[in-house]
Structures are given as structure tokens and as C-alpha cells.
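Undergrad: sequence and predicted structure are below.
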Amino acid sequence: MSEKNPEGKRTARERLAVEREKQKSAEKRRRALIVGASVLCVLGLAAVAGVIAANSGGDEESEAAGPVVAPSGAQGKDGLAIPVGKESAKATLVVWEDFRCPACKVFEQNYSPTLHQLTDSGRLKVEYHLVTLIDNGMGGTGSRNAANAAACAQDAGKFTAYHDVLFENQPMESDDAFAGDGRLIELAGKVDGLDTPAFRTCVEDGTHNGWVAKSHEAFQKSGFSGTPTVMFDGKNIIQDRSMTPEKFKRMVEEADKGQ
């Protein structure tokens, strides 16, 4: 017995050590996804700068986008923010996203459950701003068309659900699948009651394309370095490597108590 116990203890300690290493590795991978993936879309912004300098996607793009038609319920300066949550919420999160941006998808995968919990409970209001960073950096119209479709979903009172569906079904960054109206309408079928004649017309006509262009213009003028840009209390929380959904939840709760 005296010989077996030390061996058993060593085995247990070894198993515990292995498990701790697995947990550490998983946490490192999670943080690397949030921080590292953000670099991908920052690099995309550098390409955008070159595009702008060459006058590609400038005034001609704005004219081609058509009139600025804000979606129903849009708020903020020039009506460029789509609000989610109760107006009475004391804490506000401002999110700039591109539906083709892989870092934005990673952010949503990690934070979406927490954001839903906080908005549903009335503690947080989220203001979404949609941009076309990847279109301008890599070519295509998927960012714009997906943003327009999301605005069409906002008209139907289905923005949150459709927003989540778009990120859940995001194609590879180099695949401009969202440029196809058929794909965007197909995904609308995953949201109860969204695939209607009015929604289809809105998507196919690009009703909110001008509004999307205006939103991206505001992003360019803001001085932000990439997507996602997630502002809370004046700070981009994505730049905080120690940030987690749990930490953010505590920040919202503290803001709720402090006001």
C-alpha cells in the first residue's frame, strides 16, 4: 500500500498538470484569435489607404451608391447607428463591424452571448455601425451588400437575428459570397419572418447602399485603425489583451451601479 499511494499521487498530480497546461493553451489561443485576427483587418485598412490615395472607391463610389436612406430606427449623427437594447440602458457599447471581416466574426463568437444577455436585461445598449473595409481592401461588394441586407432586416425589426446569422455563415475573407443577393436572401430564411417580398426588394434594389457608404465614410474619418472597433467609455476594448466577456460584463455592471 505504501508503494502504491505515492505512485497514485504522482499520477494525479501529472493529470492535473496536463489539464492546467491544456487550459493555459486554450486561453492563449482564444486571446490570439481576438488580438491576432484583428491584425488581419488592420492590414486590410492599409490596403484601403492605398485605394483611397488612388481615388478608387472615392466620390464615384458614393455617387454610385445612390441616395442615403437610413434604416428604420437608426440613431446617432446622420442616423448611422443601428441600436440594439433598451434606450434606458445606462451603458453603451459602440461597435464598428464589417460582415466580411474575420476578426469581427471572432469577436461575435466570443462576445455575442454576453452582449445578448446584457441588452436583454436592459443593462446595455449597443450601437452598430457597418463598414466596407474588406470590399475596399480586397475588392468585391460583399461587405456593402451584407450591410445593406442587415439594414433591410432592421426595417423589418429583425436586425439582431440576421446580424448573427451573417456572422455565423461568414465566407472566407477572400470569398465574396455575400455579394450575391441570392445568398443573402437564402440566409434570411434562417430568421423567422424575415424572407418577405419587402425584404427581397430592399436587398435586390440596394435600398440602403448610400447609407452604408455614408457609414463607411464616417469610419474613415474617425481615425480608427481597423475592425472590429469596439468602444466602451471612450476606449477600444479590443486593444485590451486582458479583456474577456466576463471582464466586460463586470465593467457594464459597475457602470450601471455608478450612474
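TA: Alright, I've got the coordinates. Computed from a predicted structure; not experimentally measured. Residues are numbered from 1 along each chain as shown.
Undergrad: contacts and neighbour counts: CA atoms only from here.
TA: OK.
Undergrad: what ranges does the protein have for its strands?
TA: Along the chain, counting by DSSP state E, strands occupy 82-84, 91-97, 124-130, 229-232, 235-236.
Undergrad: of all these, which one is nearest A156?
TA: Taking C-alpha to C-alpha, strand 82-84 is the member of the strands of the chain nearest to A156, at 12.7 Å.
Undergrad: run through the neighbouring helices and strands of the closest one.
TA: Under the contact criterion of 3 or more C-alpha pairs under 8 Å, 6 or more residues apart in numbering; DSSP states H and E, strand 82-84 touches strand 124-130.
Undergrad: now the strand it packs on - C-alpha only, CSV.
TA: Coordinates of each C-alpha in strand 124-130 appear next as CSV, following Å, rounded to 0.1, in the frame of the first residue of the first chain:
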residue,chain,number,x,y,z
LEU,A,124,-26.5,47.7,-22.1
LYS,A,125,-27.3,49.4,-25.4
VAL,A,126,-25.2,48.5,-28.4
GLU,A,127,-24.9,50.9,-31.4
TYR,A,128,-23.8,49.0,-34.5
HIS,A,129,-22.0,50.8,-37.4
LEU,A,130,-21.5,48.9,-40.6
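Undergrad: in TSV: the strands of the chain, plus distance to P67 and mean pLDDT.
TA: Shown next, in TSV, are those (distance: least, C-alpha to C-alpha, whole Å; pLDDT from 0 to 100):
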stretch	distance to P67	mean pLDDT
strand 82-84	18	98
strand 91-97	22	98
strand 124-130	17	98
strand 229-232	26	97
strand 235-236	31	94
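Undergrad: helices of the chain, start to end?
TA: 4-53, 59-65, 102-120, 133-138, 142-155, 159-168, 181-188, 197-205, 209-222, 245-258 (DSSP state H).
Undergrad: enumerate the positions of the third one that are buried.
TA: Just to be clear, that refers to helix 102-120. Neighbour-count burial for helix 102-120 flags 102-108, 111, 115-116, 118-119 (criterion: 16 or more other C-alpha atoms under 10 Å).
Undergrad: turn these into JSON lines, including pLDDT and distance to K90.
TA: As requested, the buried residues of helix 102-120 are exported to JSON lines (pLDDT from 0 to 100; distance: C-alpha to C-alpha, whole Å):
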{"residue": "P102", "pLDDT": "97", "distance to K90": "30"}
{"residue": "A103", "pLDDT": "97", "distance to K90": "27"}
{"residue": "C104", "pLDDT": "98", "distance to K90": "25"}
{"residue": "K105", "pLDDT": "98", "distance to K90": "26"}
{"residue": "V106", "pLDDT": "97", "distance to K90": "26"}
{"residue": "F107", "pLDDT": "97", "distance to K90": "23"}
{"residue": "E108", "pLDDT": "97", "distance to K90": "22"}
{"residue": "Y111", "pLDDT": "97", "distance to K90": "19"}
{"residue": "L115", "pLDDT": "98", "distance to K90": "14"}
{"residue": "H116", "pLDDT": "98", "distance to K90": "16"}
{"residue": "L118", "pLDDT": "97", "distance to K90": "11"}
{"residue": "T119", "pLDDT": "97", "distance to K90": "11"}
